[in-house]
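J.: Sequence first, then the predicted structure, then my questions.
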Amino acid sequence: MGTLSVRNLTKRYGAMAAVDNVSLDVEGSELVALLGPSGCGKTTLLRMIAGFIAASEGEIFIGGRDVTYLPPHKRDTGMVFQSYALFPHLTVFENVAFGLEMRGAPKDEIRTRVGDALKLVRLDSYGERYPRQLSGGQQQRVAIARALVIRPDVFLLDEPLSNLDAKLRQSVGLEIRSLQKMLGLTTVFVTHDQNEALALADRLVVMDQGIVRQIGSADELYLRPSCVFVASFLGQANLIRGHVQAPSLFRTNDGLAIKCDTSQFGSGSPAVLCLRPEHIEVGTDAAALDNSFAASVQAATYLGASTDLTVRTDENSTDLLVQVPNKIASSVAVKTGEKTFVGWSTQAALLIRED
Amino acid sequence: MGTLSVRNLTKRYGAMAAVDNVSLDVEGSELVALLGPSGCGKTTLLRMIAGFIAASEGEIFIGGRDVTYLPPHKRDTGMVFQSYALFPHLTVFENVAFGLEMRGAPKDEIRTRVGDALKLVRLDSYGERYPRQLSGGQQQRVAIARALVIRPDVFLLDEPLSNLDAKLRQSVGLEIRSLQKMLGLTTVFVTHDQNEALALADRLVVMDQGIVRQIGSADELYLRPSCVFVASFLGQANLIRGHVQAPSLFRTNDGLAIKCDTSQFGSGSPAVLCLRPEHIEVGTDAAALDNSFAASVQAATYLGASTDLTVRTDENSTDLLVQVPNKIASSVAVKTGEKTFVGWSTQAALLIRED
Amino acid sequence: MTREALIDSGRIARFLLAAVIVFVFITLLTPVVLVVWASFFDSSFLSFPPPGYTLKWFAQAAEHGAFLRGFETSAKVAFGATCLGVFLGTAASLAIVRSGLPGMKLIQGMLLSPMIVPNIVIGIALYVFFIRIADGIGIDLTNGLWGLILAHTLLTIPWTVRLVCANLVGLNRSIEEAAANLGASPLRVFTRVTLPMMRSGVIAAALFSFIISFENLEVSLLLVQPGSTTFPIAVLQYLEFKMDPAVAAATTVQVLIVASALLISDRYVKLSRVV
Amino acid sequence: MTREALIDSGRIARFLLAAVIVFVFITLLTPVVLVVWASFFDSSFLSFPPPGYTLKWFAQAAEHGAFLRGFETSAKVAFGATCLGVFLGTAASLAIVRSGLPGMKLIQGMLLSPMIVPNIVIGIALYVFFIRIADGIGIDLTNGLWGLILAHTLLTIPWTVRLVCANLVGLNRSIEEAAANLGASPLRVFTRVTLPMMRSGVIAAALFSFIISFENLEVSLLLVQPGSTTFPIAVLQYLEFKMDPAVAAATTVQVLIVASALLISDRYVKLSRVV
């Protein structure tokens, strides 16, 4: 399994850069997710790696080999398309065998390897069927087998779960992850779904408007987002604008004074306070925390495992979204309009730069 | 605002019943969500209420009036379609005015009421545009205004959020909810998305294969599901088959003995144990709970606000999915393979009937 | 492969594609160009190369009464056949697409029937049929405008059904349901929503029907009166006597009229989406 | 409204829809039925009602050499024009759909050009053009099979482009990308994936092309040799002498052949999806 290395890659359409000076290294056997809203350039980047879109600038190396100017059929990447893109006129067996045939593999070897690949995705008895005779999840697995059977240097997946229904999405996702780990595949995975990316990837690349906003592991991105975009794209966040008033003291535009680590910012400089809803405590216990305010509950939405509260501070009327886990034992129903306290520790309050 | 009452409603296509003997009462100003997987009959039921599908059996009353055999245009329901179904050849103003024109309202009244409706959905300056000139979210709001301007007896929404992207979905959902509350609309809302239903509805109707599985508020359905289907469809659940061995003692098929309330079941009868992942504790503290087992962590998936663990009991190797909230203060990273304990209180363990 | 080689191979592929298109379209345009060119030849026989150029054949064609009368007759027949064919064809399309009856595919296949019978034989069959009608109920359709219109309607219906069905299949049914939901009776749903949405398909059908009817020679052959022939038959009859650029001139005028009609309607309905 | 009234109004609507379909299809089928019926008439002139029925006209038609020779010529011409037209038209379609060049819509509009020029005039233009070619480079196309084939290719190209483009637009481009990704060179992508996926469009185009060419009378009028006319021209020439059921019999045979060809190909490509 090779590594993948992308250096200063840019794709321009006229004045607009769909992918803007992106550099990225994917280690052997690593699964990296490209994550971002639609139009952020993640699919363009994947298609540039596969060779379907020519680079305007920059280089792509697969296993140390410069493939920037190679056509797609000479790149040895195995791609799974969002629409699966199975050959409708070929059987499942013929679909999976296609890549080996193109490589001129002998008949016997093709039969063995296709059989193994179909066994890997638990479709060994489906070889004679045509794609239209399979369910969406089965078609997906054929597409995976077809891409894997050629033992690609890099495994590329373009929103592979987006055409599956919710329950299937989770199990197919875990299946892809376990195959990837078992075979040690260097993998790039495009998705717009943050939960998918968090659950499956070793590292995440968050993109927006063609630019890489941040690269890191799930907890790095979630707990230390580098910018407002990443903080609001991954999970929920209370993002409150203000400025640093004094060392360890942040003043929101609403006027609240909040104790937090301001070491990255000069006094007086503007910043955004990022507070994750599940890091905020509500109730009388909250009054003892580093930051605490008298507040009232404005709205409560029961979500099964947790309840989302909208809490408004008495001082300066700042609304905060708070997530309270619903534990059986401590299932104290919160009433709308109730007077209470909100609070959070200094560590829970993160200051980030304005975008 | 009228009430809606559906009595023993059935729709058969040949031998197959798409909607099977459904009864449902929706109070005035109540928002009821029809929830279920695709093909469960929820959309058929909604379309029967609107009059697009004729009932095979049963009755539909709107505000006490029997509308079972009325054609759609005489039912006074206001429907928002999944595809919005705006009239492409009419402007936004003309789209919203359509229903009033059909009712022969005078020009002046139409102008005022359409203006008010557009203001309600914050599109007052878009009257002259055509639907194709609007974004998806804006089209959605035009569809809502068009359905509301006729002051319908019942407000019907067919997967209104499914064509919007994730961030918009939440805000449009909350907007629909606040309009519905403000105007006191009797509302039926079809969705396949459990979070949407939990967040927006007063009561949920869970359907499967044309049958109503359970009707109740969000926490009723989540904490006291009546069957395996509801338990697994709403949120995540560990569902473990077994039988009642003695009063307050359940024996799983794997052989684990679990203390729980067995009052609804006779001794020896088969049942399914439903354990919500967030009701299970992991760690040394768990050893003190009503049910506790020595166990090891098999896999951990970081999800931002929480971490999903797969934990296997040492005794009988039963795998359990556990959701641990990620608190800043107690962020103890769980290592795969680590020896620990799992446990849960008697109240957390719910026995339900096999489907 | 270097960057330059990659770009070059892309260029070659694009060049080949462009060459095929250019070749095919030169082929298709050759007759039009030849006809328009020939209408300016200053010679009394159609032959290349021309000794010189003149405009006199346009005057000549305009003075030849049969061309003018042919134009008039063809226009009337095409108008009638278009109205009738579009009306019936649109109704049939609605029935086909909306009824969801089984066997609809078979019926769609039957639309081919006017194509598989040689048009000239359609003409004979109708001629004999019209004689029978004249004998039976005393309405003589054999040599009047109405006989031609009815005959041409057989050509316009299949085009209408094909184009309107293609348009209808793409329409979102729920838009009509929305209208009903807002209180529109079935008739008002049809007039206020269905018809306006079918507009582009119906206009395209009308255009094609008109052109198809106007150009048709064969179906009309046995059904025209000696004094009032259609334009294509006038051209045929003229060619039996002489083959001079006047025919080309008359055709050029006709091509110009049809082409401008197409260009004008393209402003309202994008033809490239329906052709 | 009671349940019964609702059901009744539904029944009425369905009845009206069915009535329109039946009426339109009776209209369309009338010529075919008349022709087939007339081929059994036991009278020497086509007239209703027949005095009796006979099979002798089929024998008569088979013995009439011009019909047989016409069939052969038409079949050869249609085959040639289909091969050439489908080859060029398919290449042009690929270029049109895949190049994404601007101005493609204009070019698609030009496909109409053989429709807006009367076919008989296309025949003249080509006749004159072929004479010029014969003078210039010594290849005489004016009265051979090749001239007819080239002329008919002008009719088959637009049908091919229309049908193949409709088919290509619906194809998922990423299937070809998947083939390239699996190591197929552009040529192998085309032969192994693109061509097989275009199959239904190309077959439909070939069928339509063959029928259109086989039935065409007008383009051929000036281009046929005295000894070797096409079938429609043989019919026209026969009708100049007598109008007896032999013509109907010959046409019935031809309709049967074409209809069975359509039915057989429907097993491989659903015609109702491409027509």
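T.: On my side now, so go ahead. Numbers count the residues shown, from 1 in each chain, chains lettered A, B, ... in the order given.
J.: Please work out the residue of chain A nearest to chain C and name it.
T.: Distances from chain A to chain C, computed as CB to the nearest CB, single out residue A:69 as the nearest residue at 4.8 Å. Every C-beta, even on glycine, is put in place using the N, C-alpha and C of the backbone.
J.: what kind of secondary structure is residue A:19 in?
T.: Reduced to three states with DSSP: H, G, I helix; E, B strand; the rest coil, the structure at residue A:19 is strand.
J.: surely it meets residue A:208?
T.: No - assessed by CB atoms under 8 Å, residue A:19 is found out of contact with residue A:208, at 11.8 Å.
J.: any idea how far stretch C:145-153 is from the chain center?
T.: Relative to its chain's centre, stretch C:145-153 lies at 15 Å (CA atoms, centre = their mean, to the nearest Å).
J.: hey, C-alpha coordinates of it in PDB?
T.: Presented in PDB, the C-alpha positions along stretch C:145-153 are these (Å, rounded to 0.1, in the frame of the first residue of the first chain):
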ATOM      1  CA  LEU C 145     -59.500  21.000 -48.500                       C
ATOM      2  CA  TRP C 146     -61.200  18.900 -45.800                       C
ATOM      3  CA  GLY C 147     -60.100  15.600 -47.300                       C
ATOM      4  CA  LEU C 148     -56.500  16.800 -47.300                       C
ATOM      5  CA  ILE C 149     -56.800  18.100 -43.800                       C
ATOM      6  CA  LEU C 150     -58.100  14.800 -42.500                       C
ATOM      7  CA  ALA C 151     -55.400  12.900 -44.400                       C
ATOM      8  CA  HIS C 152     -52.700  15.100 -43.000                       C
ATOM      9  CA  THR C 153     -54.100  14.800 -39.500                       C
END
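J.: Could you give the average pLDDT over that stretch?
T.: For stretch C:145-153, mean pLDDT rounds to 86.
J.: how about it: buried residues?
T.: Neighbour-count burial for stretch C:145-153 flags C:145, C:147-153 (criterion: 16 or more other CB atoms under 10 Å in any protein chain shown).
J.: Pick out whichever of residue A:19 and residue A:208 has more residues nearby.
T.: More neighbours surround residue A:19 than the other of residue A:19 and residue A:208, with 28 against 20 (other CB atoms under 10 Å in any protein chain shown).
J.: contacting residues around that one?
T.: Contacts for residue A:19 (CB atoms under 8 Å, 6 or more residues apart in numbering or on different chains) come out as A:9-11, A:41, A:44-45, A:48, A:210.
J.: Apply 6 Å and report the result again.
T.: When the contact criterion is CB atoms under 6 Å, 6 or more residues apart in numbering or on different chains, the partners of residue A:19 are A:9, A:11, A:41, A:44-45, A:210.
J.: Against chain B, how distant is it?
T.: With distances taken as CB to the nearest CB, to the nearest Å, residue A:19 is found 21 Å from chain B.
J.: so is residue C:243 in a helix, a strand, or just coil?
T.: Under three-state DSSP, residue C:243 falls in the coil class.
J.: and for stretch A:313-320, what are the contacting residues?
T.: Stretch A:313-320 is touched from outside by A:238, A:254-256, A:293-295, A:310-312, with contacts defined as CB under 6 Å, 6+ apart.
J.: worst-scoring helix or strand of chain A, pLDDT-wise?
T.: Least confident helix or strand, chain A: helix A:166-183 with a mean of 85, by mean pLDDT, DSSP states H and E.
J.: Could you check that helix against chain B for contacts?
T.: No - where contact is defined by CB under 6 Å from any CB of the partner chain, no part of helix A:166-183 touches chain B; the two come within 7.7 Å at best.
J.: for that helix, which positions count as buried?
T.: Burial within helix A:166-183, assessed by neighbour count using 16+ other CB under 10 Å, is assigned to A:169, A:172-173, A:175-177, A:179-180.
J.: what's the answer for stretch A:87-94, then?
T.: Neighbour-count burial for stretch A:87-94 flags A:87, A:89-94 (criterion: 16+ other CB under 10 Å).
J.: got the end-to-end distance for that stretch?
T.: Distance between the two ends of stretch A:87-94: 9 Å, counting by CA to CA, to the nearest Å.
J.: what is the mean pLDDT for stretch A:110-119?
T.: What stretch A:110-119 shows for mean pLDDT is 93.
J.: what's the distance between that stretch and the middle of its chain?
T.: With CA atoms, centre = their mean as the basis, the distance from the averaged C-alpha position of stretch A:110-119 to the chain average is 32 Å.
J.: Can you tell me what sits against that stretch?
T.: Contact with stretch A:110-119 is made by A:93, A:96-97, A:100, A:124, A:145, A:148-149, as judged by CB under 6 Å, 6+ apart.
J.: Would you check which pair of the residues you listed lies furthest apart?
T.: Maximum pairwise distance in the contacts of stretch A:110-119, criterion CB to CB, is 16.7 Å, between A:100 and A:124.
J.: just to revisit the earlier point, between the buried residues of stretch C:145-153, which is nearest residue D:161?
T.: For the buried residues of stretch C:145-153, the closest approach to residue D:161 (CB to CB) belongs to residue C:152, at 25.8 Å.
J.: Helix, strand, or coil at the closest one?
T.: Remark: residue C:152 carries the secondary structure label helix [criterion: three-state DSSP].
J.: Can you tell me, leaving aside adjacent residues, what's nearest to it?
T.: Computed as CB to CB, 6 or more residues apart in numbering or on different chains, the closest residue to residue C:152 that is not its neighbour in sequence is residue C:81, at 3.5 Å.
J.: Check whether the one you found really touches residue C:156, as I assumed.
T.: Yes - contact status for residue C:81 versus residue C:156: in contact at 5.0 Å, counting by CB atoms under 6 Å.
J.: Now do the shared contacts for these two.
T.: Between them, residue C:81 and residue C:156 share these contacting residues under CB under 6 Å, 6+ apart: residue C:213.
J.: Looking at those two, which is more packed in?
T.: Summary of the neighbour comparison: residue C:81 and residue C:156, criterion other CB under 10 Å, with residue C:156 having more neighbours (31 against 27).
J.: How about the contacts made by the more buried one?
T.: Taking CB under 6 Å, 6+ apart, we find residue C:156 in contact with C:81-82, C:85, C:209, C:213.
J.: which of these tops the neighbour count?
T.: When neighbours are taken as other CB under 10 Å, the top entry among the contacts of residue C:156 is residue C:85 (30 neighbours).
J.: ok, and what's touching stretch C:71-80?
T.: Surrounding stretch C:71-80, the residues in contact under the criterion CB under 6 Å, 6+ apart are C:145, C:148-149, C:152, C:210, C:213-214, C:228, C:230-231.
J.: And that stretch, what's buried?
T.: For stretch C:71-80, burial by neighbour count (16+ other CB under 10 Å) applies to C:71, C:73-75, C:77-80.
J.: hang on, the earlier thing: out of the contacts of stretch C:71-80, give me the two with the largest separation.
T.: Checked with CB to CB, the contacts of stretch C:71-80 reach their widest spread between C:210 and C:228, with 19.0 Å between them.
J.: That's all I had, so thanks and see you.
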